[in-house]
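[1] from the sequence below, what's the structure:
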Amino acid sequence: MKSSLLELLVLLLDKISLVTKLFSVPEEDPGDTDYQDTSFMKRGDLLEVPRTLFIHYGIYLGDNKVAHLMPDILPAISEDKCLIGKVVTNKRLILGVLAKVATIRVDTVQDFAYGGRIIVNHMDKSFKTKPLCNEEVAERAEKLVGAKAYSLLWDNCEHFVTYCRYGRPVSSQTDKFCEIVKRIIRDQRSILFSAALGLVFALCLGLEPFTTLPCLLITFTLWIAE
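    Numbering: from 1, shown residues only. Okay, here's the model as predicted:
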């Protein structure tokens with residue numbers, strides 16, 4: 001019994017490590033340049049700020065201004081432009097993600113960076129499509145400023161900047177997440193783990209429909225998808 005529990009614990013940690021890889025900040029190329037001085041930035045440049053759990057993107061508009069897509073609940077519940085114009089707090093951001101509402105807004109470089117380091121045009125190295133001219137990139141970003149729907153996976157800040165700079169909305173972070181989910185689903189141990197977890201719930205909570213049916217459904221789905 002103890003060995004079985006130990007195996008389950010190891011498997012759980014393995015799954016957590018896979019998900020953690022999604023949010024890890026990629027190692028920097030020694031040739032990358034970390035820009036903090038806006039004098040190095042040109043209108044239409046693609047800016048990115050590595051965070052702890054993700055990378056945030058924006059388009060530099062010149063004059064120390066950045067257009068970027070931010071999840072934000074406030075525009076959906078208030079018309080106070082002065083209040084909405086303030087820096088988006090973490091609480092506003094999280095509620096915006098849950099409510100699937102966002103704004104493409106213009107902030108200062110400092111507010112956009114939020115204390116992080118800014119990397120310029122790093123994506124050009126890996127993107128197969130040649131960037132549009134900088135002025136067209138900036139004009140695209142300016143035309144899109146305003147409230148819009150939001151999706152963490154399918155319509156986020158990376159989709160916004162890649163559309164503006166390369167003409168096609170894509171997200172490497174979304175692709176990475178989907179690849180990790182696919183690996184977890186196709187791992188045969190996931191079937192055993194979900195079945196064992198369902199058994200534990202059944203033993204602890206009893207054979208009730210609200211505990212057994214979801215576990216059976218998850219196990220069956222993983223088995224079919226494997």
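
[2] would you map the helices across the chain?
    2-23, 74-77, 81-84, 90-99, 109-113, 134-143, 157-166, 172-186, 188-205, 209-225 (DSSP state H).

[3] worst mean pLDDT among these?
    Confidence, taken as mean pLDDT, is least for helix 2-23 of the helices of the chain (a mean of 47).

[4] pop the domain breakdown of the chain in here.
    Annotated domains of the chain cover 2-20+179-225, 25-171 [automatic domain parsing].

[5] count the neighbours of residue 142 for me.
    Residue 142: 15 surrounding residues under other CB atoms under 10 Å. (Glycine included, C-beta is placed from N, CA and C.)

[6] dump the residue contacts of it.
    Residues in contact with residue 142 (CB atoms under 8 Å, 6 or more residues apart in numbering) are 61, 67.

[7] at 10 Å what do you get?
    By CB atoms under 10 Å, 6 or more residues apart in numbering, the residues touching residue 142 are 59, 61, 65, 67, 104, 106, 164.

[8] list just the nearest of these to residue 175.
    Nearest to residue 175 among the contacts of residue 142 is residue 164, at 18.8 Å by CB to CB.

[9] against residue 81, how distant is the closest one?
    24 Å (CB to CB, to the nearest Å).

[10] and for residue 37?
    Per CB to CB, residue 37 is found 31 Å from residue 81.

[11] same thing with residue 167?
    Counting by CB to CB, the gap from residue 167 to residue 81 is 31 Å.

[12] so between these two, which is more surrounded?
    Applying other CB under 10 Å to residue 167 and residue 81 shows that residue 167 carries more neighbours, namely 14 against 8.

[13] give me the contacts around stretch 124-136.
    In contact with stretch 124-136 (CB under 10 Å, 6+ apart) are residues 29, 31-32, 42-46, 59-60, 62, 121, 123, 137-140, 162, 164-168, 170, 172.

[14] do that again at 8 Å, thanks
    29, 42-46, 121, 137, 140, 162, 164-168, 172.

[15] which of the residues you listed are buried?
    Buried members of these, scored by 16 or more other CB atoms under 10 Å, are 43, 44, 45, 46, 121, 137, 140, 162, 164, 165, 166.

[16] most widely separated two among these?
    Spanning the widest gap among these are 43 and 162, at 17.7 Å by CB to CB.

[17] pull out the buried residues from stretch 113-123.
    Those would be 113, 118, 119, 120, 121, 122, 123, for stretch 113-123 by 16+ other CB under 10 Å.

[18] how long is that stretch from one end to the other?
    17 Å (CA to CA, to the nearest Å).

[19] stretch 147-167 now?
    20 Å.

[20] how about stretch 40-49?
    End-to-end for stretch 40-49, by CA to CA: 16 Å.

[21] again with stretch 68-80
    End-to-end distance (CA to CA), stretch 68-80: 20 Å.

[22] list the buried residues of that stretch.
    Quick answer for stretch 68-80 (16+ other CB under 10 Å): 68, 69, 70, 71, 72, 73, 74, 75.
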